[in-house]
Structure formats: C-alpha cells, structure tokens
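> Based on what follows, work out the 3D shape:
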Amino acid sequence: MDRPSHDDSTRLKDIAVADARLSQGARAEADRENQEGSGVEVMLAYSVSLENDDGTVLVTCADFPELTTFGDDRDEALARAVDALEEAIAARIAARQDIPEPSAGQVYLTVPTLTAIKALLYQGMREQGIGKAELARRLGWHLPQVDRVLDVHHNSRLDRMDTALKAIGFQLEVRTRDTAVV
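Residues are numbered from 1 along each chain as shown. Below you'll find the predicted structure:
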C-alpha cells in the first residue's frame with residue numbers, strides 16, 4: 001500500500017490523530033480520504049509484526065527496532081506494544097533523535113492521541129530547527145512548561161498542545177470516524 005508522500009514544509013500542517021488500532025482495510029480507506037481532502041492528514045499508526053514464539057505472541061516494529069514485546073495472546077501483545085511504542089517515542093525525544101514516519105504493513109498500532117500530538121510537535125520542531133528555548137521564547141513560557149508539552153508521560157492539556165503547535169506554524173485538526181466500518 002502506498003502512503004501519502006510529504007515534503008518537510010507541508011508534512012504536518014494539518015494534523016488528525018485518533019486512538020484506535022487499524023486493519024489494512026481501515027488504513028486504505030483513511031489513505032483514500034486523505035487524498036480526497038484539502039489538507040495533509042497524519043495519523044501515527046505504525047506497522048508491527050506478530051509472530052508465534054513458543055506459545056506467546058512476539059511483537060516487533062521495523063520503524064522502531066528497539067521495540068520488542070510479547071503477550072500470552074494477540075490482544076495482550078498488542079496492548080503491551082502500545083506501551084512499548086510510547087516508551088520508544090519518549091526515548092527518542094529524550095535522546096533528540098528523529099521519530100520515523102510510519103511504514104506500510106498489515107497490522108497497525110496507533111499511538112495514543114496525546115502522545116501522537118507531542119511526537120508531531122517534537123518532530124516539527126526538529127524539522128524546522130526550533131529548539132526548546134526558541135519555542136519557550138515564542139510562547140512566552142518557561143523551559144519547564146516546554147519540557148512538559150514534550151513529555152509523553154505528562155498529561156498536557158489540549159489547549160496547551162494547540163498553542164505550542166501554532167507557535168511552529170501547525171494547526172491541530174481533530175476528526176472522528178465510524179470504526180464499525182473496518
């Protein structure tokens with residue numbers, strides 16, 4: 001399946017995120033809607049591989065080689081994988097590394113909404129060469145406030161996230177979609 005291509009200047013101008021696991025059919029439908037819409041939509045849904053591993057289900061992710069987890073069954077493995085994915089994103093932010101674009105696959109894990117927004121803010125800052133001090137200056141905030149909007153473990157308010165995104169030229173766009181049509 002082809003994913004929409006994005007150049008650095010328009011990649012995250014409009015951001016739509018959701019907190020759900022998508023099958024290939026739902027991903028294809030979302031991609032088709034993206035191409036028909038007027039803006040660029042980005043949903044952080046990463047492809048994962050599931051393998052039987054001596055009675056457990058092993059989960060790995062090509063986009064995050066450091067992500068490896070397991071569960072007694074598929075549902076438990078996927079639930080643990082969401083936590084592991086959040087930790088991988090948090091570690092990349094702490095280490096000042098890029099957060100990769102999702103690649104295509106059959107089974108997807110979607111990053112929880114607030115984590116996705118924080119990851120997109122962080123990656124947008126990196127792409128534009130905006131550091132935490134510059135973001136603080138633009139917002140009139142203290143550095144600890146900027147640290148909190150980038151911390152995936154902090155329960156930031158959406159209005160704060162929206163303000164931070166606007167400071168780097170992005171607009172948060174939220175949509176809902178019927179998940180029964182999968």
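> Just the residues contacting stretch 124-137, thanks.
For stretch 124-137, the surrounding residues in contact (C-beta atoms under 8 Å, 6 or more residues apart in numbering) are 8, 11-12, 96, 98, 138, 141-143, 145-147, 150, 164-165, 167-170. Placement of C-beta: from N, CA and C, glycine included.
> Give me the buried positions along that stretch.
Buried residues in stretch 124-137, counting neighbours by 16 or more other C-beta atoms under 10 Å, are found at Gly124, Met125, Ile130, Lys132, Leu135, Ala136.
> where does the last one land in three-state SS?
When you say that, I think you mean Ala136. Here Ala136 takes the helix state, with states given by DSSP: H, G, I helix; E, B strand; the rest coil.
> same thing with the first one?
Three states are possible here, and by three-state DSSP the one that applies to Gly124 is helix.
> do the same with the third one
Here Ile130 takes the coil state, with states given by three-state DSSP.
> one step back: could the buried residues of stretch 124-137 be laid out in TSV, adding pLDDT?
As requested, the buried residues of stretch 124-137 are exported to TSV (pLDDT from 0 to 100):
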residue	pLDDT
Gly124	96
Met125	97
Ile130	97
Lys132	97
Leu135	98
Ala136	98
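> still on that earlier bit, quick check: ChimeraX command selecting the buried ones in the contacts of stretch 124-137.
In ChimeraX, this line selects whichever of these come out buried by 16+ other C-beta under 10 Å:
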select :11,12,141,145,146,150,164,165,167,168,170
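> Which stretches in this protein count as strands?
For the chain, the strands defined by DSSP state E cover 14-15, 45-53, 56-60, 68-71, 107-110, 171-172.
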